[in-house]
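A.B. asks: next input, structure requested:
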Amino acid sequence: MRKDEGFILPTTMVVIFFCLLIITYISTAAISEKKFYSETEQYYIVDQLMLIAVEDSLKQLQATEADNEKTIYKSTSIGEISYSFVKVSPEIYEVQLKCTTLKNKDYTAKYQYDIAKNEMIVWSEY
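C.D. replies: Residues are numbered from 1 along each chain as shown. The predicted structure follows:
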């Protein structure tokens, strides 16, 4: 045997280390992208639920005058909706909406509705 300096083992270890770094970077990027798409999907689902809740509560208010305090729960294929009516004054109702997706993402909002003018006068989200 001639003089062996051991060149192959350190080179192989460095190449393997760089490959592991690349694999880690790619997997982190893929996980982050998947989480982003999931959050975006949940955002659009909860937005659709909120739209359904607002339309439904407005129909309820316009069709018949709600009681002083009334809570309605509805379940859809994409989540659950609940809204409650509270009479603030003789012509103004406060409606609190809560939407929950199947993956438990919550979103709440409330608005005040003037029956005399037939319009929303205050909207707040939280």
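
A.B. asks: just the CA trace of the helix or strand of the chain with the lowest mean pLDDT, in PDB.
C.D. replies: Least confident element among the helices and strands of the chain, by mean pLDDT, DSSP states H and E: strand 69-75 (a mean of 86). Extracted in PDB, the C-alpha atoms of strand 69-75 (Å, rounded to 0.1, in the frame of the first residue of the first chain):
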ATOM      1  CA  GLU A  69     -82.800  38.400  23.100                       C
ATOM      2  CA  LYS A  70     -82.700  35.500  20.700                       C
ATOM      3  CA  THR A  71     -79.900  33.100  19.700                       C
ATOM      4  CA  ILE A  72     -79.900  31.000  16.600                       C
ATOM      5  CA  TYR A  73     -77.500  28.100  15.800                       C
ATOM      6  CA  LYS A  74     -77.100  26.600  12.300                       C
ATOM      7  CA  SER A  75     -74.800  23.900  11.000                       C
END
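
A.B. asks: how about the spatially most central residue of the chain, what does it touch?
C.D. replies: The chain has Y43 as the residue nearest its centroid, 3.7 Å off, counting by Cα atoms, centre = their mean. By Cβ atoms under 8 Å, 6 or more residues apart in numbering, the contact list for Y43 reads K105. For glycine as for every other residue, the C-beta is placed from the backbone atoms N, C-alpha and C.
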